[in-house]
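1. all I have is the shape, not the residue letters:
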Ligand code: GDP
Ligand code: GDP
């Protein structure tokens, strides 16, 4: 039987991280296998990933989840996405093959379009061709079910699709699959599209952020303590002297741009400007930003600006209220109100109330960072996402505007770091409704500590 748990689930656009030893492999390019039901996509995917346990459904209409497989061919590793079984939208309406292909192409670097050569091109094959043209991603055409030499002519007929050379293949027998894979890898980029700037592996990268005097340097000293990793001058080791490796909670972390923190710049003019430059530069390199706020003082515009920069950069976020030792009843009263009024944009960020001076609650910092990073990299399976969207849309449909009611047809998580969702809709979703969806998405699946992005793809 078909058991998705038997397979390795890898993230198409995210570095596959190797456990907590900090070892990481690079991100893999993604090949999506698309085509109408029963052309042999699943059989072909099994052939590509080199497993014999067939994942073949003979009954169309069974909703399977999008499945990611890791494959190797001629020493190159890549990710294969099987779209078999994307047959229904979130409210149970049958999806056209073209729409399914559109979902798949969204997060792919190249596409393998599978056609049943014996049946020949159908209308829905033609519809997929139009989608492929529009998407402009590289395509390899698999003319499947060419089980013997006599059927090669049927494959040649597929030149008419205008997608270049059809590669005759028999997914069942393996005939021609080597040439097809060579052709697929020839069009597949070496590295996945940089969907976000952060792709480097190694230790997790943390930036301590905050306006001058909030306590960044004190916090760095506190966490570093005896935990600083001394890197010997090993030949070939390059190390950015502005960053520091610190051992915390059994892991090595890279604290970004600590030289900028340690350098006590006493600037009277332009200090804000330099502080914000530093913030942007550190965010660029970091995966998670710990934003320090001085709990003993009123929240300033500069504090909220730094938070906005981190959100816009799409980084995982932890808010550290520092100088908690100076907290008193009155200050606390105002602080609660500031959090409600001025930090609404990041109600999802984990908060730690610490004192870099006394060490109070500093042990909570690492777990908060880990929570945020886990959310940042989290992927919601397509089936689960659409089950949730289906229920949501049924109970809270979009308001009718001008006699029309936009519908969500399908949703998919196109990426991580941070989580990025794409909603395919039949009309424009109002901002209020999108925010409502984000809120419910967070309630349902969590995501503490990470911004999430929701995009729409409207079909006219
Ligand atoms: P999918 O819906 O596109 O994923 O198609 P499947 O992989 O489930 O295959 C649909 C049917 O076509 C199954 O009965 C397969 O055994 C059959 N099939 C797949 N590839 C080939 C092939 O190369 N030759 C022949 N003769 N049948 C095939
Ligand atoms: P930076 O400019 O953000 O690096 O801030 P510093 O670490 O240099 O701290 C600025 C001032 O705040 C120094 O005088 C620190 O001793 C003080 N400070 C930092 N953290 C704390 C804290 O948790 N409690 C108190 N009371 N003072 C702190």
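-> Right, received. Where do you want to start? Because the structure is predicted, anything quoted here is derived from the model rather than measured. Numbering: from 1, shown residues only. Ligands and ions are numbered 1, 2, ... in the order given.
2. the closest residue in space to residue 323 that isn't next to it in sequence: what secondary structure?
-> Closest residue to residue 323 apart from its sequence neighbours, by C-beta to C-beta, 6 or more residues apart in numbering: residue 296 at 4.6 Å. Yep, even glycine has a C-beta here, placed from its N, CA and C like the rest. At residue 296 the chain is in coil, as set by DSSP: H, G, I helix; E, B strand; the rest coil.
3. for burial, what's the neighbour tally of residue 296?
-> 16 (other C-beta atoms under 10 Å).
4. thought residue 332 was touching it, still the case?
-> No. Counting by C-beta atoms under 8 Å, residue 332 is not a contact partner of residue 296; they are 10.5 Å apart.
5. quick one: the residue nearest to residue 323 from ligand 2, how far?
-> Distance, residue 296 to ligand 2, by C-beta to the nearest ligand atom, to the nearest Å: 7 Å.
6. and if you look at residue 308?
-> Residue 308 is 19 Å from ligand 2, by C-beta to the nearest ligand atom.
7. and the helix or strand that residue falls within, average pLDDT?
-> Assigned by DSSP states H and E, residue 308 falls within helix 301-312. Mean pLDDT, helix 301-312: 92.
8. residue 427 and ligand 2: what is the separation?
-> 48 Å.
9. give me the neighbour count for residue 248.
-> 18.
10. surely it meets residue 364?
-> No. Judged on C-beta under 8 Å, residue 248 makes no contact with residue 364 at a distance of 12.0 Å.
11. just the helices in this structure please.
-> 41-49, 97-106, 123-135, 152-156, 177-187, 216-224, 258-262, 271-285, 301-312, 329-342, 365-376, 382-395, 431-445 (DSSP state H).
12. would you turn those helices into JSON lines with mean neighbour count?
-> Converted to JSON lines, those look like this (neighbours: other C-beta atoms under 10 Å):
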{"stretch": "helix 41-49", "mean neighbour count": "23"}
{"stretch": "helix 97-106", "mean neighbour count": "23"}
{"stretch": "helix 123-135", "mean neighbour count": "17"}
{"stretch": "helix 152-156", "mean neighbour count": "16"}
{"stretch": "helix 177-187", "mean neighbour count": "17"}
{"stretch": "helix 216-224", "mean neighbour count": "19"}
{"stretch": "helix 258-262", "mean neighbour count": "18"}
{"stretch": "helix 271-285", "mean neighbour count": "17"}
{"stretch": "helix 301-312", "mean neighbour count": "18"}
{"stretch": "helix 329-342", "mean neighbour count": "12"}
{"stretch": "helix 365-376", "mean neighbour count": "21"}
{"stretch": "helix 382-395", "mean neighbour count": "17"}
{"stretch": "helix 431-445", "mean neighbour count": "15"}
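13. ok, and the closest non-adjacent residue to residue 326?
-> residue 296 (3.8 Å).
14. got a list of what the one you found touches?
-> Going by C-beta atoms under 8 Å, 6 or more residues apart in numbering, residue 296 touches 323, 326, 327, 331.
15. give me the phi and psi for it.
-> Taking degrees, to the nearest 10, you get phi -90, psi -10 for the backbone angles of residue 296.
16. and the gap between it and residue 327?
-> Taking C-beta to C-beta, to the nearest Å as the measure, residue 296 falls 7 Å from residue 327.
17. ok, residue 253 next?
-> Between residue 253 and residue 327 the computed distance is 27 Å (C-beta to C-beta).
18. which of the two has more neighbours?
-> Legend: neighbour count by other C-beta under 10 Å for residue 253 and residue 327, higher for residue 253 (22 against 16).
19. look up which residues are beta-bridged to the more buried one.
-> residue 204, residue 246 (DSSP bridges).
20. and the pLDDT for it?
-> Note for residue 253: predicted pLDDT of 91.
21. do residue 456 as well
-> 85.
22. tell me which residues touch it, please.
-> 422, 423, 424, 425, 428, 429, 434 are the contacts of residue 456 under C-beta under 8 Å, 6+ apart.
23. separation between it and ligand 1?
-> Taking C-beta to the nearest ligand atom, one finds residue 456 at 28 Å from ligand 1.
24. partners of that residue in the sheet?
-> Beta bridges link residue 456 to residue 423 when assigned by DSSP bridges.
25. pull the number of nearby residues for residue 457.
-> 16.
26. residue 305 against residue 299, yeah?
-> No. Contact between residue 305 and residue 299 fails when scored by C-beta under 8 Å: they sit 11.1 Å apart.
27. how distant is the helix holding residue 308 from the center of its chain?
-> The chain centroid and the centroid of helix 301-312 are separated by 22 Å, computed with C-alpha atoms, centre = their mean, to the nearest Å.
28. which residues are in contact with it?
-> Residues outside helix 301-312 that contact it (C-beta under 8 Å, 6+ apart): 209-211, 272, 275-276, 279-280, 283, 289, 291, 293, 317, 319, 342-343, 345-346, 451.
29. could you redo the last one with a cut-off of 6 Å?
-> Contact with helix 301-312 is made by 209, 211, 279, 283, 289, 291, 293, 317, 342, 346, 451, as judged by C-beta atoms under 6 Å, 6 or more residues apart in numbering.
30. out of those residues, which is nearest to residue 147?
-> Nearest to residue 147 among the contacts of helix 301-312, counting by C-beta to C-beta, is residue 451 at 50.3 Å.
31. helices and strands of the protein: which one bottoms out on pLDDT?
-> Within the chain, no helix or strand scores below strand 17-18, which has a mean of 28 by mean pLDDT, DSSP states H and E.
32. residues of the stretch 351-460 of the chain that sit close to ligand 2?
-> Residues of the stretch 351-460 of the chain found near ligand 2 (C-beta under 6 Å from any ligand atom) are 355, 356, 357.
33. do that again at 8 Å, thanks
-> Residues of the stretch 351-460 of the chain that fall close to ligand 2, judged by C-beta under 8 Å from any ligand atom: 354, 355, 356, 357, 358, 360.
34. ok, how many other residues are close to the fourth one?
-> This points to residue 357. 15.
35. wait, what's in contact with it?
-> Per C-beta under 6 Å, 6+ apart, neighbours of residue 357: none.
36. can you check the second one too?
-> Neighbouring residues of residue 355 by C-beta under 6 Å, 6+ apart: 324, 325.
37. state the distance from it to residue 409.
-> As judged by C-beta to C-beta, residue 355 and residue 409 stand 51 Å apart.
38. just the third one next, same as before
-> If you measure residue 356 against residue 409 using C-beta to C-beta, the figure is 50 Å.
39. looking at the helices of the chain, which is nearest to residue 113?
-> Nearest of the helices of the chain to residue 113, taken as C-beta to C-beta: helix 123-135 at 6.3 Å.
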